[in-house]
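1. need a 3D model of the sequence below.
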Amino acid sequence: MRIQLSRRGLAGLAGFAALVGAGAAVVHSQSRSRITPYLEIEQVLNADLNDGDVLTYTAIGAGVNANIATRRVQATISYNYQRRIAWQGNLNDEDVHTGLAAAQIQVVPGALTFDAGAMATRSHTDILTPVPNFRTADNPNLVELYSVYAGPTLSTHVGPLDVGASYRLGYVAIDDNDNVTGGGTPSIDRYGHSTIHSAAASVGMGPGQLPFGWTVGAGWSREESDRLNAHNDSKFVRGDVVVPVGHSLALTGGVGYETLKASQQDIRRDAAGLPIVIDGELVADPSKPRLLAYDQSGLIWDVGVIWRPSRRTELQARVGHRYGGMTYTGSLRHKISEAYAVTASVYDNVTSFGRLLIMDMNGLPVNFQTARRNPMSSGFGGVGGCVFGQDPGTGACFDDALQSINSATFRNRGASVMLSGGRGPWTYGLGASYSNRLYFAPPGSGQIFSRDRLTDQSISVQATLDRRLSRNSGLSFDGYIGWFDPGAPGAASSWGTGITAAYQRTIFDDRVSASLAGGIYHVDSDDLDSTVASVLLGLRYSF
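-> Residues are numbered from 1 along each chain as shown. Take a look at the predicted model:
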């Protein structure tokens with residue numbers, strides 16, 4: 001059998017291999033580090049309970065789980081490759097890459113670190129037809145996503161001053177397998193690939209020598225996308241102060257100046273003025289002036305409070321003016337006990353898909369969970385878009401970025417909450433999020449940029465529960481529910497839900513593991529009402 005990988009697939013494999021290789025170079029000196037490569041085979045049956053269609057396939061694959069912890073290196077890597085071979089039903093043979101990695105190297109301990117991360121997954125491209133994030137799901141709206149980032153972070157002291165700086169270089173690529181829209185015509189808003197740069201620097205001093213703390217900072221980011229040579233640029237400079245007004249309460253405020261600009265090239269048109277589409281994509285016309293999708297500059301400010309009643313709790317809330325209107329942001333961190341913790345955030349920013357995805361990846365803890373027992377779950381640790389950290393209350397949810405994949409600039413507002421922990425044989429995680437996007441496109445461009453000033457939104461809830469039955473066996477449960485509103489004229493909202501359960505047992509000194517899993521998921525949209533049940537039987541050999 002000959003296995004063929006796309007260039008982007010090979011790039012994703014190379015990125016994960018580089019991270020694994022970096023960890024392997026140090027693993028021999030530390031007993032806390034562990035790299036476990038494996039081979040696996042799975043037999044999967046999917047049955048559509050609405051029309052009776054049944055498809056089966058065999059998945060032959062390999063992967064690696066790695067947890068590296070040395071004096072200077074911390075890394076977590078989880079990667080899986082599958083070659084799916086169809087037996088019955090309308091399913092093409094395909095290669096599926098699923099993985100997530102995060103690493104941090106202490107270049108100068110306590111001062112300079114080098115951070116990196118990578119992702120390979122599948123997701124729906126259009127919020128009009130959301131697809132459940134089951135590993136066994138197959139749908140023409142699925143796309144392959146590959147992303148990687150890396151860069152240094154400086155955090156040190158110069159006398160009484162705190163000095164910080166960071167730089168990130170990111171790359172995001174989408175392979176949509178020549179997907180078409182629901183009407184059978186090629187999509188003209190296809191996301192190809194983009195490169196993201198971001199940098200920030202600050203200098204400040206905490207309260208002590210002065211009755212208040214202060215910080216002066218600046219930041220810059222730029223995304224360059226292949227679609228119509230689109231550019232997104234933002235720059236800011238600002239100063240902040242923190243004034244303690246009690247043992248646990250402080251007032252904070254900041255003021256600065258910011259510029260944001262998103263532009264793209266105009267499109268080529270024929271003699272009748274209609275857009276020229278080649279291979280399902282619009283064609284840029286460099287001879288015409290660039291079109292502005294978003295242009296905002298001016299004074300920014302915010303004021304708020306910081307409340308820290310104990311080491312276990314911190315609450316921040318701010319209100320201000322930015323992006324041409326009022327903004328409201330905040331965060332909460334509360335450690336309920338040594339075993340349980342909750343975090344929450346309210347956000348408001350102007351961004352794009354590529355920049356938002358890199359930001360979410362950068363917020364992923366290095367020690368995220370990889371040892372889930374549910375083979376039906378996605379590579380993210382559950383059937384939703386959340387990844388939970390080993391430490392209670394930590395993790396990251398990617399729902400805001402993966403809500404819809406497109407090339408537009410948008411104002412992204414929403415909130416998220418994450419609760420996780422465990423005691424004894426039980427481990428659980430709960431993540432919920434709301435995301436609202438207001439899109440911007442060049443004015444006067446008609447139906448070509450149909451998302452201009454449209455708003456889409458989504459709500460999702462994900463829960464995971466693990467129960468260790470013995471040293472070598474356990475149960476795992478996952479569930480999620482999501483609601484999606486595309487915001488387009490005449491387009492109805494949709495929702496999806498799903499639940500899975502799995503049993504796993506290891507034998508032969510934990511070298512061989514057997515899994516039995518089942519799940520059911522439902523999608524209800526304007527022109528689709530689908531309920532699919534899935535059963536999986538798998539064997540894995542770990543080296």
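2. how far does stretch 196-216 sit from the chain's center?
-> 28 Å (C-alpha atoms, centre = their mean, to the nearest Å).
3. just the buried positions in that stretch, please.
-> 196-198, 200-202, 204-205, 213-215 (16 or more other C-beta atoms under 10 Å). To be clear about C-beta, it is placed using only N, CA and C from the backbone, and glycine gets the same treatment.
4. inside strands: which ones of the residues you listed?
-> Taking DSSP state E, the ones among those that sit in strands are 196-198, 200-202, 204-205, 213-215.
5. nearest to residue 522, of these?
-> residue 196 (35.5 Å; C-beta to C-beta).
6. pLDDT and distance to residue 272 added to the buried residues of stretch 196-216, as TSV?
-> Compiled in TSV, the buried residues of stretch 196-216 are given as follows (pLDDT from 0 to 100; distance: C-beta to C-beta, whole Å):
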residue	pLDDT	distance to residue 272
196	97	37
197	97	40
198	97	42
200	97	48
201	98	52
202	97	54
204	96	59
205	95	64
213	95	63
214	96	61
215	97	57
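7. from these, pick the one nearest residue 157.
-> residue 205 (9.9 Å).
8. contacting residues for that closest one?
-> 160-162, 213-214 (C-beta atoms under 8 Å, 6 or more residues apart in numbering).
9. what of residue 113?
-> Taking C-beta under 8 Å, 6+ apart, we find residue 113 in contact with 104-107, 152-153, 155.
10. am I right that it sits in a helix?
-> No: per DSSP: H, G, I helix; E, B strand; the rest coil, residue 113 lies outside any helix segment and is strand.
11. which strand residues bridge it?
-> Following DSSP bridges, residue 113 is listed with bridge partners residue 106, residue 153.
12. which pLDDT does the model give it?
-> Per-residue pLDDT puts residue 113 at 97.
13. how far away is it from residue 167?
-> Distance check for residue 113 against residue 167: by C-beta to C-beta, to the nearest Å, it reads 12 Å.
14. next, show the common contact partners of these two.
-> With C-beta under 8 Å, 6+ apart, residue 113 and residue 167 have common neighbours residue 152.
15. what about this protein, any weak spots by pLDDT?
-> 1-31, 88-92, 132-135, 137, 177-189, 371-373, 377-384, 444-450 (pLDDT under 70).
16. on that earlier part again, of the contacts of residue 205, just say which sits nearest to residue 344.
-> residue 213 (24.3 Å).
17. of all the ones in strands among the buried residues of stretch 196-216, which comes closest to residue 322?
-> Comparing these against residue 322 with C-beta to C-beta places residue 200 closest, at 16.4 Å.
18. can you tell me which residues contact the closest one?
-> If you count contacts by C-beta under 8 Å, 6+ apart, then residue 200 has 164-166, 217-220 around it.
19. out of those residues, which are buried?
-> Buried members of the contacts of residue 200, counted by 16+ other C-beta under 10 Å: 165-166, 217-219.
20. any chance of TSV for those, columns distance to residue 338 and secondary structure?
-> Below are the buried ones among the contacts of residue 200 laid out as TSV (distance: C-beta to C-beta, whole Å; DSSP: H, G, I helix; E, B strand; the rest coil):
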residue	distance to residue 338	secondary structure
165	34	strand
166	31	strand
217	34	strand
218	39	strand
219	36	strand
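21. spatially, what comes nearest to residue 421 if we skip its sequence neighbours?
-> Counting by C-beta to C-beta, 6 or more residues apart in numbering, residue 421 lies nearest to residue 340, which is 3.5 Å off, once chain neighbours are set aside.
22. no further queries at this time; thank you.
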